[in-house]
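Participant: Compute the structure for the input listed below.
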Amino acid sequence: MKFIIEHLEDEVWEWCILEYRHMSEFVGKENLIFTNIPKKEAHKLEKFGKVHSESVLQLNFRNCCLLEMNTDKELVNSDKNKFDYFIFGGILGDNPPKGRTKILHKLKCEMRNLGSEQLSTDTAVLVTKMILDGKKLSEIEFKDTIELELKDGEDIILPYRYVIKNGKPVLPKGLFEMLRDQEGI
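Facilitator: Now for the predicted structure:
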């Protein structure tokens, strides 16, 4: 199984790099493909997976499943026998969601959801991997909207659904520090 991330941002932001590295940690570099990456930024991701400057819409991947929040059919374990590629929109999410993955509907591949709540892209890849490895979506512990205390009296709310492991949200290494050190937060 391969996991394809169609990068839908204008740049490869630091937050993207943190999420993309996180994905690579749990699916393996050999199973992760980044598409639509500006050539001048490809070097930032080469250690995490295979990098293409072309959009997934231009590449010839067959037997694909698009993970899309706004579809009726939920991803199940047996989908691992049906699809070779699982495609995700690499988006630093908007709240409320703007539906930017709709552009990927042009692929005309089957779609599956991971529930009705918006996930970060790395969380979507993690949840997909967990389901394909045998977990049911209903067996995965989640927390919707997390609040991180960054500095004295300064908090940030991440309005997405996150996997909970050992009582804590599963977040990319370095995310907390990046948010804490950003100007204006």
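Participant: Grab the nearest non-local neighbour of Cys65.
Facilitator: Nearest residue to Cys65 in three dimensions, chain neighbours excluded: Phe83, at 4.1 Å (CB to CB, 6 or more residues apart in numbering). The way it works is simple: take the backbone N, C-alpha and C, and place the C-beta from them, glycine included.
Participant: so Leu150 touches Ile157, yeah?
Facilitator: No. The criterion here is CB atoms under 8 Å, and Leu150 misses it with Ile157 at 10.9 Å.
Participant: With neighbour numbers in mind, choose between those two.
Facilitator: Shown here are Leu150 and Ile157; by other CB atoms under 10 Å, Leu150 has more neighbours (16 against 10).
Participant: Now do the same for the more buried one: its pLDDT.
Facilitator: Confidence at Leu150, expressed as pLDDT, is 79.
Participant: what sits opposite Glu110 in the beta ladder?
Facilitator: Counting by DSSP bridges, Glu110 is bridged to Cys65.
Participant: Check the gap between it and Leu75 for me.
Facilitator: Glu110 is 10 Å from Leu75, where distance means CB to CB, to the nearest Å.
Participant: need the helices for the protein, in chain order.
Facilitator: Along the chain, counting by DSSP state H, helices occupy 14-27, 121-132, 175-181.
Participant: Deepest-packed of those helices, please.
Facilitator: Of the helices of the chain, the one with the most neighbours on average (mean count of other CB atoms under 10 Å) is helix 121-132, at a mean of 23.
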